[in-house]
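1. Let's see this in three dimensions:
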Amino acid sequence: MKGALAAGALPFAVGSELAAGTEPAGRRWRSITYNVLRCRGYAVAPEAKPFLKAAAGQVPMRLALELALYAPDIVSFQEAPPEPVVKSIAQQLGMNYAFFPGGWPGAVLSKFEIAELQNCPLQSWRERPQALFTRHWGRALVRAPGGDINFLSTLIHKSAHVFFRLRQPIPWF
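-> Numbers count the residues shown, from 1 in each chain. Here you go, the predicted model:
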């Protein structure tokens, strides 16, 4: 994957080409998943904080403009901003959206219809099951031209053990 999006993290994109208009024959859909850290930016250095504060109101718009360059069919956000911000980004991209509230919210945006959604949020660290490896897990049933897509959006817990990742059942399958 080449390039970085406006908020400073690298996206993961599904598809053999990233530039808009260069779809290979037989491509069905393109997806980008992105931890947007609530669209507040990544202040790792103290000297960056004033710049992030000044740009705070522009981050969602800049994120939408950058995502549009990749012409995604489906976008997944981890650590999503509040729902009104997700809705605004979706509108700027001409997409539908599903918002997954909780302690670590998520969202799925799609140019296709989102027929149903399911949410399995982490509400509290005090009630966190030991075997739970996600901070957020949501499902959106996307009605794409080639058939329905069961799209899963997840934020993996940083201390999750591979054992649990391989064995945690998916409650809706």
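
2. Can you give me the distance of N96 to F151?
-> N96 is 12 Å from F151, where distance means C-beta to C-beta, to the nearest Å. In short, each C-beta sits where N, CA and C put it, glycine included.

3. Please enumerate the shared neighbours of the two.
-> Common neighbours of N96 and F151, counting by C-beta atoms under 8 Å, 6 or more residues apart in numbering, are S110.

4. ok, these two, which is more surrounded?
-> Comparing N96 with F151 by other C-beta atoms under 10 Å, the one with more neighbours is F151, at 22 against 18.

5. Would you agree that one is in contact with S76?
-> Yes. Between F151 and S76 there is a contact at 7.2 Å, judged by C-beta atoms under 8 Å.

6. which residues are common contacts for the two?
-> S31, V108.

7. The helix or strand harbouring M61: which residues count as buried?
-> Under the criterion of DSSP states H and E, M61 resides in helix 59-69. Using 16 or more other C-beta atoms under 10 Å as the test for burial, helix 59-69 gives V59, P60, L63, A64, E66, L67.

8. can you give me the helices in the chain?
-> 49-55, 59-69, 83-93, 162-167 (DSSP state H).

9. which stretch in those is the model least sure about?
-> When these are compared by mean pLDDT, helix 162-167 comes last with a mean of 50.

10. what about A48, neighbour count?
-> Using other C-beta under 10 Å, A48 has 13 other residues around it.

11. Next: R40.
-> Using other C-beta under 10 Å, R40 has 15 other residues around it.

12. same thing with S88?
-> For S88, the count of nearby residues is 17 (other C-beta under 10 Å).

13. which ones are touching it?
-> P60, A64.

14. what's the spacing between it and D148?
-> Relative to D148, and taking C-beta to C-beta, S88 is found at 27 Å.

15. For the residue lying closest to R139 once chain neighbours are set aside, report the pLDDT, please.
-> Closest residue in space to R139, ignoring its immediate chain neighbours: Q118 at 4.4 Å, by C-beta to C-beta, 6 or more residues apart in numbering. Per-residue pLDDT puts Q118 at 88.

16. Tell me how far Q118 lies from F100.
-> Q118 sits 9 Å away from F100, taking C-beta to C-beta as the criterion.

17. So for the two, which sits in the more crowded spot?
-> F100 (28 against 15).
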